[in-house]
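> generate coordinates for the sequence data below:
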Amino acid sequence: FGLVQDGIFQNQAEVDAHVEQPGKAVGRLRFEDTNGDGTINDDDRVILGDYHPDLTAGLRIGLNWGNFDFSTFFFGNFGSEIFNFNRLFTDFSQFEANVRNEVFDAWSNGNTSNVFPAPDYDGRGFNSRPSSYYVEDASYVRVESVQLGYRISDIANLPGSVRLYVQAQNPLTFTGYSGLDPALSNFGRADIEAGLDLGNYPSNRTLLFGINLDF
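Numbering: from 1, shown residues only. Sure thing, here's the model as predicted:
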């Protein structure tokens with residue numbers, strides 16, 4: 001829920017022609033006058049997205065060949081949006097934080113970008129208002145598990161068998177989300193804060209080696 005970003009002010013003529021917007025200036029975010037009253041304020045806020053997905057799907061594949069076995073599990077989340085709160089820090093250096101490399105391509109007189117507003121210490125308070133600038137598509141497909149095993153039988157006349165395996169958990173995630181992980185955890189928070197990326201710790205990538213003994 002917030003303002004709708006409508007580009008970046010490219011020149012003074014655009015600033016002068018725009019409706020009344022506190023802090024408007026060349027290189028800063030431009031917001032849409034959604035209610036048409038000629039002023040940008042809280043009355044222009046609208047629903048910007050929904051963290052709850054339109055569709056979730058899973059696919060499990062298992063194969064066996066001789067003494068080898070292979071299994072993998074894919075999980076997909078489609079149609080959800082995340083409010084990437086981290087961009088306060090990575091894009092606008094809030095609280096004197098460092099910024100991400102892409103900010104080097106921010107708006108300037110010689111680079112009229114519509115992606116990142118101009119680095120503007122005094123303008124952070126205007127640019128950082130909750131808006132669609134922070135809302136991103138959180139759809140993803142993740143390889144949650146891949147396992148390869150090999151069963152050895154008839155070892156030293158043992159009555160059972162030994163199976164060796166290697167397993168990777170969360171090895172690959174395919175997503176357009178710019179944050180660390182599109183699969184957020186709520187950290188025990190209420191549903192009202194679901195979908196806010198507050199710097200959540202990402203899902204671990206884990207490599208496991210194991211032995212199964214069957215008797």
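> any idea where the helices of this protein begin and end?
Taking DSSP state H to define them, one finds helices in the chain at 12-17, 87-90, 124-127.
> remind me which residues of the protein are low pLDDT?
For the chain, applying pLDDT under 70 flags the ranges 95, 123-124, 154-159, 186-192.
> okay, strands next: where are they in it?
Along the chain, the stretches classed as strands by DSSP state E are 5-8, 29-31, 55-65, 68-78, 81-84, 135-137, 140-153, 161-175, 196-197, 206-214.
> hey, what's A57 bridged with?
Under DSSP bridges, the beta-bridge partners of A57 are G76.
> how near is it to P202?
Separation of A57 from P202 (C-beta to C-beta, to the nearest Å) stands at 22 Å. For glycine as for every other residue, the C-beta is placed from the backbone atoms N, C-alpha and C.
> dump the strands of the chain into JSON lines; add distance to G23 as well.
Shown next, in JSON lines, are those (distance: least, C-beta to C-beta, whole Å):
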{"stretch": "strand 5-8", "distance to G23": "13"}
{"stretch": "strand 29-31", "distance to G23": "9"}
{"stretch": "strand 55-65", "distance to G23": "40"}
{"stretch": "strand 68-78", "distance to G23": "36"}
{"stretch": "strand 81-84", "distance to G23": "21"}
{"stretch": "strand 135-137", "distance to G23": "21"}
{"stretch": "strand 140-153", "distance to G23": "35"}
{"stretch": "strand 161-175", "distance to G23": "33"}
{"stretch": "strand 196-197", "distance to G23": "24"}
{"stretch": "strand 206-214", "distance to G23": "46"}
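> figure out which of these is closest to Q21.
The closest of the strands of the chain to Q21 is strand 29-31. By C-beta to C-beta, the value is 6.0 Å.
> ok, the closest one: who's next to it in the sheet?
When pairing is defined by DSSP bridges, strand 29-31 lines up against strand 5-8 (antiparallel).
> pretty sure Y140 contacts G76?
Yes: at 7.1 Å, Y140 counts as touching G76 under the criterion of C-beta atoms under 8 Å.
> higher neighbour count, those two?
Neighbours were counted for Y140 and for G76 using other C-beta atoms under 10 Å; Y140 has more, 19 against 15.
> residues contacting that one?
76-77, 173-175, 177, 182-183 (C-beta atoms under 8 Å, 6 or more residues apart in numbering).
> pull up the gap between the closest residue to G58 other than its chain neighbours and V143, please.
Excluding the flanking residues, the one nearest G58 by C-beta to C-beta, 6 or more residues apart in numbering is F75, at 5.0 Å. Relative to V143, F75 is positioned 8 Å away (C-beta to C-beta).
> and what of T72?
Taking C-beta to C-beta, one finds T72 at 7 Å from V143.
> now swap in N84 and tell me
For N84, the distance to V143 (C-beta to C-beta) stands at 23 Å.
> okay, those two: which has more neighbours?
Counted by other C-beta under 10 Å, N84 and V143 do not tie: N84 has more neighbours, with 23 against 16.
> check contacts around the more buried one.
Neighbouring residues of N84 by C-beta under 8 Å, 6+ apart: 134-136, 177-179, 197.
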